[in-house]
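[1] sequence first, predicted coordinates after that:
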Amino acid sequence: MPSLATLKQTALAPSLGAPEADALMSASGVRVADKRVRGRGAGLNMSGRFEVTTREVFDDGWSSLEELAPFKTEVQVEKPRTVITRNQSPDLSFDRSINPYRGCEHGCVYCFARPTHAYMGLSAGVDFEARLFAKPDAPRLLERELSKPGYKVQPIAIGTNTDPYQPVEKQWRIMRQLLEVLEAAGHPVGIVTKSALVMRDIDILSRMASKGLARVALSVTTLDRKLARTMEPRAATPERRLEAMRALSEAGIPVSVMAAPVIPGLNDHELERILDSAKAAGADAAGYVMLRLPIEVSPLFRDWLLRHYPDRYRHVMSLVRSMRGGKDYDAEFSKRMRGTGPYAWQIARRFELTAKRLGLNMRKAPLRTDHFVAPNGEGVQLSLL
């Protein structure tokens with residue numbers, strides 16, 4: 001018997017374009033049984049785009065699919081040669097970042113980082129949430145890179161790809177060790193997270209903030225707990241994120257709120273409430289990012305939307321495409337974060353007016369770089385001179 005989601009797809013197919021209807025129907029071939037992905041964001045686990053073979057789920061009549069166990073989170077050790085990643089993107093306010101983990105257990109269905117799992121031969125779907133990679137050598141490598149002659153200090157961003165405070169950080173504690181290295185070196189850091197676990201490191205962050213070396217941004221997608229649970233199944237609840245903002249602010253740590261992503265027809269009506277709530281919790285700055293659906297993320301999001309909000313599917317995707325030149329996504333610099341067109345303009349004006357009314361982004365002091373002292377610890381490579 002076809003699944004409920006497949007029946008919904010079939011019912012909607014006549015009103016969709018042929019390519020899209022075909023794509024949605026083919027997605028059912030890689031959909032994972034609900035009981036196997038309970039607590040996960042993605043419902044698909046399609047093959048990575050670099051693989052020479054593809055896989056398709058089907059029932060051969062022997063009930064073999066029912067015998068498969070639920071996905072469990074697995075963590076493998078990754079041993080990179082360097083830990084600081086550089087970028088030259090004009091859309092970003094930083095030129096270097098660190099990612100302690102590859103993949104993210106939070107399971108946010110819209111996560112733009114999902115396609116990076118393809119480089120590991122894995123799926124951007126459930127694999128991204130369940131098959132993680134940790135970098136326990138990251139603190140040592142960071143210490144070594146900061147000690148190199150000619151290193152020029154600029155703020156390091158952490159959490160811009162996958163969340164450094166995702167659940168596995170409780171056991172691995174890589175993020176805390178990175179902060180210890182940065183504090184010892186007097187190096188500035190900006191953190192983005194949607195986890196209340198950041199409160200664990202208030203002791204380090206408050207000391208760094210007192211010297212102008214730290215700022216934290218909390219991502220708040222929605223204040224609707226039910227929507228958050230469906231869309232970001234293993235992330236902190238909206239209430240806990242606001243609680244984290246308040247705790248950080250009271251500890252003297254500058255806090256920003258990221259209303260991200262803004263999803264038209266789903267959470268866009270909450271923009272003002274999110275900024276109001278964040279301001280009340282102590283945030284002094286704010287930003288927003290429109291929904292981004294690159295490569296594999298688009299079918300994952302569309303499948304999720306069809307399963308959970310089928311009545312809004314056409315409206316949401318129509319608005320998304322109105323901002324992306326008729327496509328699901330436009331990766332062009334200066335457009336990918338905000339979109340274009342009347343709808344994108346309206347969101348930008350609403351954000352600007354609300355931020356101005358609340359006094360956000362008025363006194364955002366830059367992080368300082370004059371406290372930096374090159375490390376000289378165990379992880380530092382000694383000179384041959």
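    That came through, no problem. Numbering: from 1, shown residues only.
[2] show me where the protein dips below the pLDDT cut-off.
    1-30, 33, 55-68, 377-385 (pLDDT under 70).
[3] show residues contacting the longest strand anywhere in it.
    Taking DSSP state E as the criterion, the chain has its longest strand at strand 255-262. With contact meaning Cβ atoms under 8 Å, 6 or more residues apart in numbering, strand 255-262 is reached by 110, 192, 215-221, 245, 248-249, 268, 271, 274-275, 278-279, 281-292, 347, 351, 364. For the C-beta atoms, the positions are set from N, CA and C on the backbone; glycine is no exception.
[4] again with stretch 166-180
    73, 75, 98, 100-101, 104-106, 132, 134-136, 138-139, 142, 158, 164-165, 189, 195, 197, 200-201, 204-205, 208, 234.
[5] give me the subset of those residues lying in strands.
    The strands, defined by DSSP E, take in 75, 98, 101, 132, 134, 158, 189 from the contacts of stretch 166-180.
[6] what is the longest helix along the chain packed up against?
    Across the chain, the longest stretch assigned as helix under DSSP state H is helix 342-358. Contact analysis of helix 342-358 by 3 or more Cβ pairs under 8 Å, 6 or more residues apart in numbering; DSSP states H and E lists helix 271-280, strand 285-290, helix 313-323 as its packing neighbours.
[7] try 6 Å
    helix 271-280, helix 313-323 (3 or more Cβ pairs under 6 Å, 6 or more residues apart in numbering; DSSP states H and E).
[8] please pick the buried ones from the contacts of stretch 166-180.
    75, 98, 100-101, 104-106, 132, 134-135, 138-139, 142, 158, 164-165, 189, 195, 197, 200-201, 204-205, 208, 234 (16 or more other Cβ atoms under 10 Å).
[9] excluding residues flanking it in the chain, which one is nearest residue 159?
    The shortest distance from residue 159 to any non-neighbouring residue, by Cβ to Cβ, 6 or more residues apart in numbering, is to residue 192 (3.8 Å).
[10] which residues touch the helix or strand containing the one you found?
    Using DSSP states H and E, residue 192 sits within strand 189-193. Residues outside strand 189-193 that contact it (Cβ atoms under 6 Å, 6 or more residues apart in numbering) are 155-160, 163, 165, 182, 214-217.
[11] how about 8 Å then?
    With Cβ under 8 Å, 6+ apart, strand 189-193 has contacts from 94, 155-160, 163-165, 179, 182, 198, 205, 208, 213-219, 258, 367.
[12] spatially nearest residue to residue 290 (excluding sequence neighbours)?
    Per Cβ to Cβ, 6+ apart, closest to residue 290 is residue 339, 4.6 Å.
[13] ok, now how distant is the one you found from residue 217?
    Distance from residue 339 to residue 217, counting by Cβ to Cβ, to the nearest Å: 21 Å.
[14] so residue 369 is in which element?
    Residue 369 belongs to no helix or strand, assigned by DSSP H and E.
[15] ok, back up a step: between strand 285-290 and the strand holding residue 192, find me the angle.
    Using axes from the mean of the first three to the mean of the last three Cα atoms, to 10 degrees, one finds that strand 189-193 and strand 285-290 are set 50 degrees apart in direction.
[16] compute the inter-axis angle for strand 189-193 and strand 255-262.
    Using the same axes, to 10 degrees: strand 189-193 against strand 255-262 is 50 degrees.
[17] list the buried residues in strand 189-193.
    Buried residues in strand 189-193 (16+ other Cβ under 10 Å): 189, 190, 191, 192, 193.
[18] would you reformat those as CSV and include distance to residue 87?
    What follows is the buried residues of strand 189-193, written out as CSV (distance: Cβ to Cβ, whole Å):
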residue, distance to residue 87
189, 16
190, 14
191, 17
192, 15
193, 19
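[19] and of these, the nearest to residue 316?
    Nearest to residue 316 among the buried residues of strand 189-193 is residue 192, at 24.9 Å by Cβ to Cβ.
[20] which strand residues bridge that closest one?
    residue 217 (DSSP bridges).
[21] how much space separates it from residue 117?
    20 Å.
[22] same check on residue 229?
    23 Å.
[23] which one's more surrounded, those two?
    residue 117 (23 against 15; other Cβ atoms under 10 Å).
[24] which residue is the nearest non-sequential neighbour of the more buried one?
    Here the residue nearest residue 117, using Cβ to Cβ, 6+ apart, is residue 128, at 4.6 Å.
[25] which among the helices and strands packed on helix 342-358 is found nearest to residue 39?
    helix 313-323 (23.3 Å).
[26] so for that closest one, what gets flagged as buried?
    313, 316, 317, 319, 320, 321, 322, 323.
[27] over to stretch 348-355?
    350, 351, 354, 355.
[28] ok, and the closest non-adjacent residue to the first one?
    This points to residue 350. Closest residue in space to residue 350, ignoring its immediate chain neighbours: residue 271 at 5.7 Å, by Cβ to Cβ, 6+ apart.
[29] residue 221 versus that neighbour, what's the distance?
    11 Å.
[30] what's the answer for residue 169, then?
    20 Å.
[31] more neighbours, the two?
    More crowded of residue 169 and residue 221, by other Cβ under 10 Å: residue 221, with 26 against 23.
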